[in-house]
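In: starting from these lines, generate the structure:
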Amino acid sequence: MANEDLGRTLRRLRRLASLTQEDLAERSGVSVDVIRQLEQRRKHSARLPTLHALANGLGVELTTLLGDPPAVASTGENDGPRFVAVRRAIMPALWGPEPKPPGPDFSLAALREQIADGWTQYHAAEFDTVMKSLPDMISDARTVAASANGDDRGAGFAALGKALQLAGHVAVRMGKTDLALISLERAIDAAGRSSDPLLRPMIVNSVAWTYQRQGRLSDALSIALHAADDIRDSGHTDTADGLKVWGALTMSAATSAARSNDYDRASALMANAEKEAARVAKLPQGSDNRMVSVFSPSSVRIERVRLAVQYGHPEDALTLAKGMRLGKDVPPSWRTWLLLDVARAHTDLGDSAGAVKALESLRRVAPAWIQHHTLAVAIVRDLWALPNHPPGLRPLAEFLGVGD
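Out: Numbering: from 1, shown residues only. Purely as a prediction, here's the structure:
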C-alpha cells in the first residue's frame, strides 16, 4: 500500500511531537502496552475511542493518524483534475463573472434529479463519477439561485445547498476535511435562503460528521443535539422527513458520545432513537428518499452494532447483527459499515474465519467501498499477521494491497 499503516504513522507522529511512549500514554490515557503493540505492528487496528484519545494526545486530527483512504490519491498538488474542478466549484474565484441566466433548455426538476442521482452514486462509492458531474451541478444551482424569482429562487438555493453538501461529503472521503467544512458552511448559507426548513439541520449533521473525522467530538455532539432539539421544538418530527432528520442527528450525537468514552449517554441516545424510528413508517411520507437523512429501524440497528464494536462489546455486536433484515431504504454505504463491523467483531473474538467470511461478502456487494475503508485494510493486516492464515484471506489481501 502507498499509505503508511497505523503503527508507522503513530510512531512518526509521536517522534515529531518529541514524545516518548510513556509521555503519549500519560497524555492520551492509552496504556503504554497498547501504544507499543501498535508501533511494533503486533496490532494493526484499535477501537475508535482509543484512536481519538491517541490523536488528542498527539495534538493532531484523527484523519492525520488514520491517513488518507487507501483508494484515494495523494494529497496536495498531486490532486487529480476532477477533484481540482470540484474545489474550484466550491470556491469560485473572487470577483468572477456573475452567473448567466439559465438557458431555455434548463430544467430545475432535472437538476434536482441529477443531484439525487449524485447521492446514490456517492453511497455506492462511485466517487470518480460524482466528481465528474459535481462542478456542473453546483454551477447550474448557483445560476438558478442567482437569477430565478419566487419559488424557483428558493428551490434553486435548496439545490445549491444539497449539491454543496454532496461536495462536502466527497471532500471528506478524499481526506480534505477543511475543504469539506468550507463547502458545508456555504451549503448552510444556501439552505438558509431556500424554501426547505429541513435542509439546514441535514447539513449541520454533515458538519458534525466532519468534526468527528477531525476529532472535535464535543463540537460534533453539541451541534447535533442543538439541531435535533430545534427540529423537535419546531414540530417537524410529526412528518416522516422531519423525524428522519431528527433521528440522524440523534444517532450522530450518540456516535460522538461513544467515541468520547461516554457509552452510557450514547446508549440512552440510541434507545430514544430506536423508539422513535418505529414511527417513521406510520407518518406521512415526504420527498425523495435519496435527498433526506437515513433513519429507520434498520439504520438504528446498524448504528447499535457499530457502537458495540467501538466500545469493545463484540459479542453484543454479533447478537444485534444476527438475522438482521435491512430495509430497501438502507443505502449500500450503511450495509458496508455493517459488514465491516461484523468482520471487526469476529476479529476481536479471535474468529478469523468469521472475519474473512464477512469481508468476502463485503467485497462481493461493495468492491469499491472496501477499498475506501482504512478499517478493512487494518482488519486484513491483523489477520495477515496471524501464524495461520484462514482460507480466503490471500485474495482479500491481494485485492487491498496487504501482505507479502
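In: quick one: contacts for Arg36?
Out: Gln21 (Cβ atoms under 8 Å, 6 or more residues apart in numbering). Any C-beta I mention is one placed from the backbone N, CA and C, and that applies to glycine too.
In: just the CA trace of the helix or strand it falls within, in PDB.
Out: In the assignment (DSSP states H and E), Arg36 maps to helix 32-39. The C-alpha coordinates for helix 32-39 follow below in PDB (Å, rounded to 0.1, in the frame of the first residue of the first chain):
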ATOM      1  CA  VAL A  32       1.900   2.000  27.100                       C
ATOM      2  CA  ASP A  33       1.300  -1.600  26.200                       C
ATOM      3  CA  VAL A  34      -1.300  -0.700  23.500                       C
ATOM      4  CA  ILE A  35       0.900   2.000  22.100                       C
ATOM      5  CA  ARG A  36       3.800  -0.400  22.000                       C
ATOM      6  CA  GLN A  37       1.800  -3.100  20.300                       C
ATOM      7  CA  LEU A  38       0.600  -0.700  17.600                       C
ATOM      8  CA  GLU A  39       4.000   0.700  16.900                       C
END
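In: how far off centre is whichever helix or strand comes after it?
Out: Scanning forward in sequence from helix 32-39 by DSSP H and E, the next helix or strand is helix 48-58. Centroid separation between helix 48-58 and its chain, computed with Cα atoms, centre = their mean, to the nearest Å, is 18 Å.
In: quick one: the helix or strand hosting Asn205 to helix 48-58, angle?
Out: Using DSSP H and E, Asn205 maps to helix 199-213. Here the directions of helix 199-213 and helix 48-58 differ by 70 degrees (axes from the mean of the first three to the mean of the last three Cα atoms, to 10 degrees).
In: send the alpha carbons of helix 199-213 over as PDB?
Out: The C-alpha trace of helix 199-213 is given here as PDB (Å, rounded to 0.1, in the frame of the first residue of the first chain):
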ATOM      1  CA  LEU A 199     -32.100  21.300   4.700                       C
ATOM      2  CA  ARG A 200     -30.100  23.300   7.200                       C
ATOM      3  CA  PRO A 201     -30.200  20.700  10.000                       C
ATOM      4  CA  MET A 202     -29.400  18.000   7.500                       C
ATOM      5  CA  ILE A 203     -26.300  19.900   6.500                       C
ATOM      6  CA  VAL A 204     -25.500  20.500  10.200                       C
ATOM      7  CA  ASN A 205     -25.400  16.700  10.600                       C
ATOM      8  CA  SER A 206     -22.800  16.600   7.800                       C
ATOM      9  CA  VAL A 207     -20.800  19.200   9.700                       C
ATOM     10  CA  ALA A 208     -21.000  17.100  12.900                       C
ATOM     11  CA  TRP A 209     -19.700  14.000  10.900                       C
ATOM     12  CA  THR A 210     -16.800  16.100   9.600                       C
ATOM     13  CA  TYR A 211     -16.000  17.300  13.100                       C
ATOM     14  CA  GLN A 212     -15.900  13.700  14.200                       C
ATOM     15  CA  ARG A 213     -13.300  13.000  11.500                       C
END
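In: all set, thanks.
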